[in-house]
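K.L.:
one predicted model, sequence on top.
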Amino acid sequence: MSAGRVRQPWRAIRNGCVSEFVIPALGTGVAGWGDKQTGYGTSHTREDILQTYRLCLDSGLNFFDTAEPYEASERLLGECRKVDGRPILIASKFAPPLTRFSRKRSLLEALDQSLERLSVESIDLYQIHWPSPRLKIDELMDALAEAVHAGKVRAVGVSNYSAPLMRQAHARLARYGIPLASNQVRYNLLHRYPETNGVLDACRELHVALIAYSPLEKGILTGKYRGKGTPAPRQLNIFHRLDPFGDTRGSVPALQRLLSTPRVLQRERLEPLFVVLEEIAHAHAKTIAQVALNWLLMKDEHIIPIPGAKNRRQASENAGALGWSLTEEEHACISQAEVAIR
């Protein structure tokens with residue numbers, strides 16, 4: 001399967017009419033835009049973000065993913081869109097907190113606020129950020145359907161949903177003649193649970209895109225933390241130990257995850273995999289990160305990785321994952337190397 005393939009268009013409904021739009025094979029996650037914890041204002045600035053945005057569009061990467069909690073990210077994306085002027089595809093998310101009891105109104109109010117921050121009249125893909133213990137799936141899908149028919153949303157998706165929850169969301173939306181467009185879950189070479197927990201199979205069966213967040217495992221799969229003199233960021237420990245979503249964390253008990261060092265932070269354990277990635281990268285004149293992204297792209301046509309980018313170098317490296325393909329033998333070799341270090 002070619003990493004430069006053309007994807008099947010997504011179906012959208014507006015004012016009762018069906019339209020289609022094509023999502024590129026690779027998107028850009030912009031959650032870190034404007035976030036001071038990720039270096040905004042120190043390691044990168046608004047001008048860096050604008051140059052990153054422009055390079056993404058120059059490379060054909062016009063799909064950007066953000067979310068309601070990342071208010072600064074939404075504002076920066078909206079500003080970039082205004083300054084540059086070229087059309088883009090925007091994905092955002094509603095994060096249902098435990099304290100909201102207004103239900104449908106909460107989602108619709110959050111959507112209006114995102115539209116204002118993004119300075120757009122409609123969002124191309126609006127997703128539920130995670131399953132809610134208080135808001136029923138049917139209620140959330142009903143609210144999304146209302147947003148679609150109001151012309152504020154073109155397509156709807158979910159995030160961090162298990163296969164059974166995906167099917168429930170899909171069935172509810174079908175009542176309104178609206179397809180479930182996507183499920184966004186953590187998926188990368190070091191976190192392959194969607195292959196075994198039914199999520200990837202459900203995406204194939206229901207013709208739903210699997211948007212893969214953290215496709216480079218928070219930078220681990222770039223190889224930049226291989227050296228002993230380069231400590232991994234502290235938040236990686238917290239993120240990988242807690243990993244709150246039961247549909248993506250696998251079968252390791254919570255206490256074991258909390259007390260043990262995550263595999264992705266064990267340099268010696270990962271090194272045999274990096275040796276394989278490095279050899280294949282050298283053969284294609286690519287980077288380890290580009291090989292890791294290409295591995296995901298070749299895995300299945302339903303997968304859309306959304307690596308982050310906060311500067312032109314990162315955006316250029318992401319774009320370099322397209323336009324070429326691993327051989328089937330190389331893809332299998334990488335997969336087997338990952339299994340060997342489990």
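P.N.:
Received, thanks. Numbering: from 1, shown residues only.
K.L.:
now the helices for this protein?
P.N.:
For the chain, the helices defined by DSSP state H occupy 46-58, 71-84, 104-118, 137-149, 163-174, 199-206, 234-242, 254-259, 267-284, 288-299, 312-319, 328-340.
K.L.:
just checking, what packs against the last one?
P.N.:
Counting contacts by 3 or more Cβ pairs under 8 Å, 6 or more residues apart in numbering; DSSP states H and E, helix 328-340 packs against helix 267-284, helix 288-299. Yep, even glycine has a C-beta here, placed from its N, CA and C like the rest.
K.L.:
distance from it to the middle of the chain?
P.N.:
23 Å (Cα atoms, centre = their mean, to the nearest Å).
K.L.:
next one: the third one
P.N.:
Going by Cα atoms, centre = their mean, the spacing between the C-alpha centre of helix 104-118 and its chain's C-alpha centre is 21 Å.
K.L.:
also the second one?
P.N.:
Going by Cα atoms, centre = their mean, the spacing between the C-alpha centre of helix 71-84 and its chain's C-alpha centre is 19 Å.
K.L.:
do the same with the fourth one
P.N.:
Remark: helix 137-149 is offset 22 Å from the chain centroid, using Cα atoms, centre = their mean.
K.L.:
circling back: can I get the helices and strands packed on helix 328-340 in a markdown table with distance to Thr38, mean pLDDT and mean neighbour count?
P.N.:
Formatted as a markdown table, these follow (distance: least, Cβ to Cβ, whole Å; pLDDT from 0 to 100; neighbours: other Cβ atoms under 10 Å):
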| stretch | distance to Thr38 | mean pLDDT | mean neighbour count |
| --- | --- | --- | --- |
| helix 267-284 | 23 | 96 | 16 |
| helix 288-299 | 17 | 97 | 24 |
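K.L.:
what bridges to the residue most central in space within the chain?
P.N.:
Central residue of the chain (Cα atoms, centre = their mean): Tyr213, 2.9 Å from the mean position. Beta-bridge pairing of Tyr213 under DSSP bridges involves Arg186.
K.L.:
out of the helices and strands packed on helix 328-340, nearest to Phe64?
P.N.:
helix 288-299 (16.6 Å; Cβ to Cβ).
K.L.:
what angle do helix 328-340 and that closest one make with each other?
P.N.:
110 degrees (axes from the mean of the first three to the mean of the last three Cα atoms, to 10 degrees).
K.L.:
now do helix 288-299: everything it contacts.
P.N.:
1, 3, 25-26, 187-189, 212, 215-216, 221-223, 274, 277-278, 280-281, 284, 286, 303, 305, 307, 317-318, 320-322, 324-326, 331, 334-335 (Cβ atoms under 8 Å, 6 or more residues apart in numbering).
K.L.:
between that helix and helix 312-319, how many degrees?
P.N.:
Going by the same axes, to 10 degrees, helix 288-299 makes 30 degrees with helix 312-319.
K.L.:
now tell me which helix or strand of the chain has the poorest mean pLDDT.
P.N.:
helix 234-242 (a mean of 60; mean pLDDT, DSSP states H and E).
K.L.:
now, of the helices of the chain, which is deepest in the fold?
P.N.:
helix 288-299 (a mean of 24; mean count of other Cβ atoms under 10 Å).
K.L.:
any idea how far that helix is from the middle of the chain?
P.N.:
Chain-centre distance of helix 288-299: 14 Å, with Cα atoms, centre = their mean.
K.L.:
enumerate every residue touching Gln168.
P.N.:
137-138.
K.L.:
so how far is Ile178 from it?
P.N.:
14 Å (Cβ to Cβ, to the nearest Å).
K.L.:
quick one: average confidence on stretch 305-324?
P.N.:
When pLDDT is averaged over stretch 305-324, the result is 97.
K.L.:
kindly check the end-to-end length of that stretch for me.
P.N.:
Terminal residues of stretch 305-324 lie 16 Å apart, using Cα to Cα, to the nearest Å.
K.L.:
sounds good, over and out.
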